[in-house]
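Engineer: have a look at this prediction, sequence included:
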Amino acid sequence: MIGLTGAVVLLGMATACGTDSRGDGSDRSELTNDTSASERLVDENLGSYRGLTLRTSSLADVQNALGVRSAARLNEPWVPLGRDAPVHRGPQAVDGPPADSSNVGAYRYGSLFVMLIRDHVALLDVVEPGATTTRGVSIGDPIERAKTNYPELECGTVTGDPPWDACVGRMESGYYLWIGGDPIESIALSSVRLGGV
């Protein structure tokens, strides 16, 4: 497992307050048939996906791109909607969110989980079919493709029931990349360090 320092948030359960409301119910992240391959590009160099960019996109940008949602409730897993935390193959922990949880927001969409720190996107956890990295690793590919195309990532087994394979590491851009599952079920970008393998 990659060691983490500082505050660590486990993504299986939310640690910030939210409400039950789901906003207007719209979820444009589900419109995969109407999106081009370029919109489903997980760009680890720019830290972007579906027009959202790490460190610069705000909550308003997220809601304009994906639809209005309230923050995840305290008892909700911090994973995309429809995913069960114990079997979700996404990042297991992030390092460094501020101790004041009022600065952290978690927003669940059907194909994407978004975490904001101080009103800026800090994590994009993508499960959308067709989502592909700049080096050609896609949701549904074998994990071996990630190991081949991203030799700089640390790959290993995540403890779970059952355990699964994942690769994680810091890219030259300074952003963190997570690729999890075999076949791959989650591709995540983060501006804060990810742990879990």
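Structural biologist: Looks like it arrived, so ask away. All values reported here derive from a predicted model rather than from experimental measurement.
Engineer: tell me, what residue is most central in this protein?
Structural biologist: Asp125 (1.6 Å; C-alpha atoms, centre = their mean).
Engineer: list the beta-bridge partners for that one.
Structural biologist: Phe113, Ala188 (DSSP bridges).
Engineer: how much space is there between it and Phe113?
Structural biologist: Between Asp125 and Phe113 the computed distance is 4 Å (C-beta to C-beta, to the nearest Å). In short, each C-beta sits where N, CA and C put it, glycine included.
Engineer: do Arg145 as well
Structural biologist: Going from Arg145 to Phe113 by C-beta to C-beta gives 23 Å.
Engineer: ditto for Leu177
Structural biologist: 15 Å.
Engineer: those two: who's more crowded?
Structural biologist: Set Leu177 next to Phe113 and count neighbours by other C-beta atoms under 10 Å: Phe113 wins out with 28 against 25.
Engineer: pLDDT value on that one, please?
Structural biologist: At Phe113, the pLDDT value in this model is 95.
Engineer: surely it touches Gly82?
Structural biologist: No - counting by C-beta atoms under 8 Å, Gly82 is not a contact partner of Phe113; they are 10.9 Å apart.
Engineer: the helices in this protein, which residues?
Structural biologist: Listed in chain order, the helices of the chain (DSSP state H) span 59-66, 143-149.
Engineer: output the last one as PDB - backbone C-alpha positions only.
Structural biologist: Just to be clear, that refers to helix 143-149. Output of helix 143-149 as PDB, limited to C-alpha atoms (Å, rounded to 0.1, in the frame of the first residue of the first chain):
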ATOM      1  CA  ILE A 143      -5.600  -4.100 -15.900                       C
ATOM      2  CA  GLU A 144      -2.600  -5.300 -17.800                       C
ATOM      3  CA  ARG A 145      -3.100  -2.500 -20.300                       C
ATOM      4  CA  ALA A 146      -2.700   0.000 -17.500                       C
ATOM      5  CA  LYS A 147       0.400  -1.700 -16.300                       C
ATOM      6  CA  THR A 148       1.900  -1.600 -19.800                       C
ATOM      7  CA  ASN A 149       0.800   1.900 -20.800                       C
END
